[in-house]
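Visitor: need coordinates for the following:
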Amino acid sequence: MSERFQDLVDGFAFDLWANLRWEAYLRNGNAREPSRSIFRHLFVAQEVWNQRVLGNALTDWPQVEPTVERIQTLNQAWVEHLTHRQDDPIIHYHRFDGAPGHLHLSQIARHIVDHGTYHRGELRGLCRERGVEDFPETGLALYYMTTA
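Guide: Here you go, the predicted model:
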């Protein structure tokens with residue numbers, strides 16, 4: 001596997017760790033709106049891009065419930081897309097409005113990891129806005145410190 005794809009696989013390991021922390025937090029009575037919808041959006045987006053990488057055309061947003069099993073399954077699908085890659089294929093797809101698009105697999109994968117980080121930060125901000133401070137910390141440095 002190329003170094004680029006190894007970095008992306010490592011990014012998905014971090015993404016899984018962080019998502020499972022938030023899943024547990026939300027499952028344990030902290031699933032207020034819009035937090036639950038934002039968290040669900042992470043996995044709907046992962047599934048949309050997963051289907052596009054597989055070459056499947058979507059005409060509507062899939063329904064994805066972010067259970068531990070579903071989060072792990074989607075993560076594994078992404079790791080499988082990236083494992084043993086030497087090439088970086090261009091993925092051609094159509095947006096829901098019908099507009100064509102194309103990105104390299106590595107660009108899509110990087111987007112998925114970044115998208116998760118962005119929205120988990122949004123969840124953190126919503127908690128703080130409500131005066132809640134017991135939300136899970138999911139920063140990359142903490143991931144490195146706790147998984148080394």
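
Visitor: and the top helix by length along the chain, what's buried?
Guide: Counting residues, the longest helix found in the chain (DSSP state H) is helix 105-129. Neighbour-count burial for helix 105-129, with 16 or more other Cβ atoms under 10 Å as criterion, is recorded at 105-106, 108-110, 112-113, 115-117, 119-120, 123-124, 126-127. C-beta: built from backbone N, CA, C; applies to glycine.

Visitor: and for stretch 17-27?
Guide: Buried-residue list, stretch 17-27, by 16+ other Cβ under 10 Å: 17-23, 25-26.

Visitor: pull up the gap between the residue of the chain most remote from its centre and Tyr93, please.
Guide: Most distant residue from the mean C-alpha position of the chain: Gly131, 26.2 Å away (Cα atoms, centre = their mean). Per Cβ to Cβ, to the nearest Å, Gly131 is found 42 Å from Tyr93.

Visitor: coming back round to it: reformat the buried residues of stretch 17-27 as a markdown table; add pLDDT, secondary structure and distance to Gln46.
Guide: Shown next, in a markdown table, are the buried residues of stretch 17-27 (pLDDT from 0 to 100; DSSP: H, G, I helix; E, B strand; the rest coil; distance: Cβ to Cβ, whole Å):
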| residue | pLDDT | secondary structure | distance to Gln46 |
| --- | --- | --- | --- |
| Trp17 | 98 | helix | 15 |
| Ala18 | 98 | helix | 13 |
| Asn19 | 98 | helix | 9 |
| Leu20 | 98 | helix | 14 |
| Arg21 | 97 | helix | 17 |
| Trp22 | 97 | helix | 14 |
| Glu23 | 97 | helix | 13 |
| Tyr25 | 96 | helix | 19 |
| Leu26 | 94 | helix | 17 |
